[in-house]
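Trainee: structure, please.
(chains A, B, C and D)
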Amino acid sequence: MISNVINGERFLKLYEYEAKEIASKYGIPIPRGYLASSPEEAADACKKLGEVALKSQILVGRRGLAGGIKFAKTPQEAYEVAKQLLDSTIRGEKVNKLLIEEKVCIEKEYYLSITIDRAEKKIVYLVSKMGGVEIEELVRQHPETLLKIPVDPLLGYRPYMSRIVAKFLGIPREYWRELDNIMGSMYKIMNDYDADLVEFNPLAWKCGGGLIALDAKITIDDNSLFKHPEFLEKAHRELSDLERLAKSIGFSYVELGGDIGIICNGAGLTMATMDLVAYYGDKPANFLDIGGGASEDRVKKAVKILLEHPRVKVLLINIFGGITRCDEVAKGIIEALEETQSKKPVVIRLLGTNEEEGRKILEERGLDVFTEADDAVMKAVELAKSITRNGVI
Amino acid sequence: MISNVINGERFLKLYEYEAKEIASKYGIPIPRGYLASSPEEAADACKKLGEVALKSQILVGRRGLAGGIKFAKTPQEAYEVAKQLLDSTIRGEKVNKLLIEEKVCIEKEYYLSITIDRAEKKIVYLVSKMGGVEIEELVRQHPETLLKIPVDPLLGYRPYMSRIVAKFLGIPREYWRELDNIMGSMYKIMNDYDADLVEFNPLAWKCGGGLIALDAKITIDDNSLFKHPEFLEKAHRELSDLERLAKSIGFSYVELGGDIGIICNGAGLTMATMDLVAYYGDKPANFLDIGGGASEDRVKKAVKILLEHPRVKVLLINIFGGITRCDEVAKGIIEALEETQSKKPVVIRLLGTNEEEGRKILEERGLDVFTEADDAVMKAVELAKSITRNGVI
Amino acid sequence: MGILVNKDTRVLVQGITGREGSFHTKLMLEYGTKIVAGVTPGKGGTNVHGVPVYDTVKEAVEESGGIDASIIFVPAKFAPDAVYEAIDNGIKLIVVITEGIPVHEELKFVRYAKEHNTIIIGPNTPGIMTIGETKIGIMPAHVFKKGKIGLVSRSGTLTYEIARELGKKDYGVSTVVGLGGDPVTGLNFIDVYNYFMNDPDTEAVVIIGEIGGDAEERFAKYYTLLRNKKPVVAYIAGKTAPPGKRMGHAGAIISMGMGDYASKRKALEEAGIPVADKPSEIPSLLDKAI
Amino acid sequence: MGILVNKDTRVLVQGITGREGSFHTKLMLEYGTKIVAGVTPGKGGTNVHGVPVYDTVKEAVEESGGIDASIIFVPAKFAPDAVYEAIDNGIKLIVVITEGIPVHEELKFVRYAKEHNTIIIGPNTPGIMTIGETKIGIMPAHVFKKGKIGLVSRSGTLTYEIARELGKKDYGVSTVVGLGGDPVTGLNFIDVYNYFMNDPDTEAVVIIGEIGGDAEERFAKYYTLLRNKKPVVAYIAGKTAPPGKRMGHAGAIISMGMGDYASKRKALEEAGIPVADKPSEIPSLLDKAI
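Mentor: So this is what the prediction gives:
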């Protein structure tokens, strides 16, 4: 996920049940199901549905392999399974809700999605005869199993595309209309919700004939959330608390595993600084991009977050002032140091707009300011190593 | 109107009140108003609205000049005026309904429409500072008073277009947003209703500021009516009974003023045959295009319509069979003659597919069949003249 | 020679299994048209008069070894999709026989085709035929003699009538192009004239116009500006049709009073193009023009 | 020389009266950029640092005597309209500084611009600058020395950092182009490289990439196939960033495993393009490459 944030590619993931609500609203066939937050509700749902699948509503991938999907034949069994699943943690994410769905008899599983092909600058349908599996891996090994159908963003979906898919998947003639409806609806969802992915994996072929979306995934372009106030509050719920805090202040922030805290302006420079830390033999604790033109106050908040971060041993600040003014940055650093009274070493490299003023402010407080990025990073790494050696924080 | 039908350019005109209902639904400001079918309803509306305009709901143009729009200050006056207008006939069209609207204080009248520029193959906004007048005449004399803004049919309306219009009309800044909404809605109406014209003449500037559509005209592309079942029943209500009858059978039919009835296949050939009648010194009674591949039965119906037409002295049938088969045509003619027992002379020219069979069928019944169009038309004109001379029908 | 299509043009028929599609496939095959494939969704695997039928244009293109042109007999409701399918599969000339297509749809696919360097003939056209080589259309072939006259028309049966009048005076036709009767079409008189200009087999061009629109006026204006030109003779149908009031005022505003018979005739004559009073007069005008 | 823009390029600023627009108009003017007009709807008739402001691009084009390029500082919600307004008024190079534009909007206007032969730089770009001639962007001008290196980047501040490293070793820059940080942008590395290829003042090209997408891999593949080429040196940011999972599976399927640091580095090196381990290493790689 980090590269999304780092590359400014941000999006909102919807839960399966949210994606299916939308799919159903657009006429795409899905299994009957109920949302359950308690074992009682799960048992009730099972009473109505018969044999059921209990599906953990989490945003991380591969939940099936991780035990996030179970089955039950009786309400009692559903109760027990739900009890196990609810409040458990799967791949680091807590399960708060289950989607209880009727078990559907299926013959085949396909893969069908619509997404954005950035390099080609088109919208594209992706289709595979083999769904319900790790499609990414499958396609890497057998690219011939994937059909791509590009869509002109000004023209939109055209029904003939569904006939290509129907032939590719071997769908009988009497269901072509259904596939046309599904693909048309997927395109409408892409547009109406500013989605960058609508994925059914699997889109299944039922025992009695007919298509059904057994799983559904929709992600929404963050840049479009202003058009979709109903999603604004849901944005970034998959982030950690710290990531969310940083985001609320307006930074891009990602947790990493190392001990050198990093603050830069601009995603590219932040990544390059992380890489430089690694080059000189240590590991970055985080990615924090204060963006362009950050004020004194925002810099202060960024610095405080990292000074108070338990894993950070040394804070490395690398600013190339363009819109960002170095004096503002310097003032923010000083304020954060005063407010936290932190003794963590801070290594600073400042360059660009109002560099001299910034340098002066920092040096008056006894802080060294580097001019070259290499020098600053080497110093930070050296400090972190000595702290580790001496066991002092 | 004839050339519309002749050129296959068919459309459904909406009444002002229908167009305004749509405009209002799309957020375009219109005067408050009520539909009235009786003087009582008109008086009631006036009670609610104060001073009112009573507008005859008819489809012919220039109804204002023809006395179709009147004003009233009191319910009593409204009653009297409505009594006059209702059931009166304006430019040949009977007034069945009135739109009773509040009188709006206005400062300026603009012209704003959106339509299809066939030659440029684009959608186009047309704007003039001088609305409420015979815009066609104005523009012919002062083309500089017209602003055209083309719209790419794949891209659609873009708000910047409204700013060009705002500057052109001199609309104050605080109303630009309103104009943007109006123009955006016009485009949506064009698309949602498959309109080929959405016109506000005038779009007025109110005394207190703000825009209002005082008159509204919308026409719908006939070819799109299958998408709009709510309009199907309204189609062609502006046609005469005979035109409607012909249309219901599937012909293009237009009443003209002359005495030679004409039946052909294909609009171009029909017009050319009309022109040939004029060239040889007479006048066509009608335009009737049986279209491509007409069956015996449809030909029979077409022939019957004209044989029974009181103004038709001679019937001229000119068929160039391509998809249309001459034997089918011949059989249809014979049947019509038998069923009507008409004594009107029929001049026939047949050519193309199954020509020999058709000719044989007709000649067996004593009907002459021409090969050359000129010969047939000359014969028809000669017959019509001799009938006129002899006073025989 | 002739323009746009010839005996080697490999043709697809979309909507081949329908009544019209199947009937005209037979006639086109009889004329010698190289029909290599047909498409009707759901009818893939069958054949029509020996022509293999596929479910999608994609398959038709892949299986047939290449397609140069498509002719569309698909009903109006589905015709736009057929056009897009042809364009997106790289077919560069599409003849749309279908009539009754909504004008907003026409605007969009004509615009899309242009961007993809695809020629649309029609909609609502009798098609295109290079005499003696190929017929991609529904016109009765026998009235067209082979010759040196390029024929371009907004009309159907009137074109056959005029081709017959030409033939009576031993004027044959190189290629006949039906622009299509709908208000929005892919080609106009200027486009087709330019193709004829580059065709060594075409000596003169006959233009068959009709009232409405301003295609004839535009051509006249264009023709005036040309330095090298081939002789053109015109006929305009609709002299006796009363003036149309199509689209209320707006349509008339766009064309600025153009579109009626007098306007067209005047424009053409001022451009040096003789206008026949009746179809049978065209050959004698050609005698003088060539 | 340099590419795409020079001292004679006549520039429009859309959103000129906003905080950013006004501030950078001043800096650009100071650099020598020929800013001839600004647009902010509703602010027509005023001026910003002496630049006349109009309500519409139409007026700006008409009144200013011609515009070659536009730079857009309009907020994300209104930026697409500003782009269409510029394209529809015939402006052929548009620099979109704005960040946060919805990707579906970007897809549409980039597609529309391409059809109209209009170059889009960005969105979310620092802009373009031909050193010593014109700056149509927001980059700090002083770090760019004039010279013979073409610089093209997906990044902002990192580009300034690298320009400074180049300058320290006396490598100057001909033109610097910021492709833009959004997933869909108007130009890619191949496009910009080709412009540099045709610029006699550019001797070598430095490419600054980052993880995500497959723009670097595509460039490497393209570069391999060239017969005549100028030397290229690259730097890729994001070696230590953990692999992204953007867009679930589908995104990864499209790029077929491309997009991570190893894939990019491998592709570039196999194409004969040296990849620096850190920004300060780029000059020494250039020493060897030129």
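Trainee: where in chain C is the helix or strand with the lowest mean pLDDT?
Mentor: helix C:248-255 (a mean of 45; mean pLDDT, DSSP states H and E).
Trainee: need the next SSE after it, C-terminal direction.
Mentor: helix C:261-270 (DSSP states H and E).
Trainee: and that following helix, what does it pack onto?
Mentor: On a contact count with 3 or more C-beta pairs under 8 Å, 6 or more residues apart in numbering or on different chains; DSSP states H and E, helix C:261-270 meets helix C:215-225, strand C:232-237, strand C:275-276. C-beta coordinates here come from the backbone N, C-alpha and C atoms, glycine included.
Trainee: which of the residues in that helix are buried?
Mentor: C:261, C:263-265, C:267-268 (16 or more other C-beta atoms under 10 Å in any protein chain shown).
Trainee: what is the burial count for A:L211?
Mentor: 22 (other C-beta atoms under 10 Å in any protein chain shown).
Trainee: residues of the stretch 1-150 of chain C that sit close to chain D?
Mentor: C:E115 (C-beta under 8 Å from any C-beta of the partner chain).
Trainee: can you count the residues close to the residue in chain A that chain C sits nearest to?
Mentor: Using C-beta to the nearest C-beta, A:Y160 is the residue of chain A that sits closest to chain C, at 3.8 Å. Other residues within reach of A:Y160 by the criterion other C-beta under 10 Å amount to 24.
Trainee: and the gap between the closest residue to it other than its chain neighbours and B:F226?
Mentor: In this structure, A:Y160 finds its nearest non-sequential neighbour in C:E85, 3.8 Å apart by C-beta to C-beta, 6 or more residues apart in numbering or on different chains. Distance, C:E85 to B:F226, using C-beta to C-beta, to the nearest Å: 21 Å.
Trainee: give me phi/psi at the closest residue in space to C:V103 that isn't next to it in sequence?
Mentor: Leaving out its chain neighbours, the residue that sits closest to C:V103 by C-beta to C-beta, 6+ apart is B:D221, at 5.0 Å. Dihedral pair for B:D221: phi -60, psi 120, per degrees, to the nearest 10.
Trainee: per-residue confidence for B:D221?
Mentor: Model confidence at B:D221, given as pLDDT, is 88.
Trainee: is any part of stretch A:361-375 close to chain D?
Mentor: Yes - remark: stretch A:361-375 sits within contact range of chain D at A:372-374, by C-beta under 8 Å from any C-beta.
Trainee: who touches that stretch?
Mentor: A:272-273, A:276, A:318, A:327, A:330-331, A:333-334, A:337, A:346-351, A:358-359, A:376, A:379, D:161, D:278-280 (C-beta atoms under 8 Å, 6 or more residues apart in numbering or on different chains).
Trainee: check contacts around A:M190.
Mentor: So A:M190 contacts A:114, A:123, A:196, A:198, D:104 (C-beta under 8 Å, 6+ apart).
Trainee: from C:I94, how far off is the residue of the stretch 1-150 of chain C found nearest chain D?
Mentor: Closest residue of the stretch 1-150 of chain C to chain D, C-beta to the nearest C-beta: C:E115 (5.8 Å). Distance of C:E115 to C:I94, given as C-beta to C-beta: 14 Å.
Trainee: neighbour count winner among those two?
Mentor: Between C:E115 and C:I94, C:I94 has the larger neighbour count (other C-beta under 10 Å), namely 26 against 13.
Trainee: which non-adjacent residue is nearest A:L179?
Mentor: A:S162 (4.8 Å).
Trainee: ignore the last one, A:H309
Mentor: In space, A:H309 is closest to A:G261, 6.1 Å off (C-beta to C-beta, 6+ apart).
Trainee: list the neighbours of the host helix or strand of that neighbour that are in contact with it.
Mentor: According to DSSP H and E, A:G261 maps onto strand A:260-264. In this structure, residues lying in contact with strand A:260-264 by C-beta under 8 Å, 6+ apart are A:270, A:273-274, A:277, A:282-290, A:299, A:302-303, A:306-307, A:309, A:312-319, A:380-381, A:384, D:157.
Trainee: out of those, list just those in strands.
Mentor: Among the contacts of strand A:260-264, the ones falling in strands (DSSP state E) are A:286-289, A:314-319.
Trainee: how close does A:F226 sit to D:K77?
Mentor: 7 Å.
Trainee: was I right about A:L316 contacting A:V377?
Mentor: Yes - using C-beta atoms under 8 Å, A:L316 is in contact with A:V377, at 6.7 Å.
Trainee: okay, the two: which has more neighbours?
Mentor: More crowded of A:L316 and A:V377, by other C-beta under 10 Å: A:L316, with 32 against 29.
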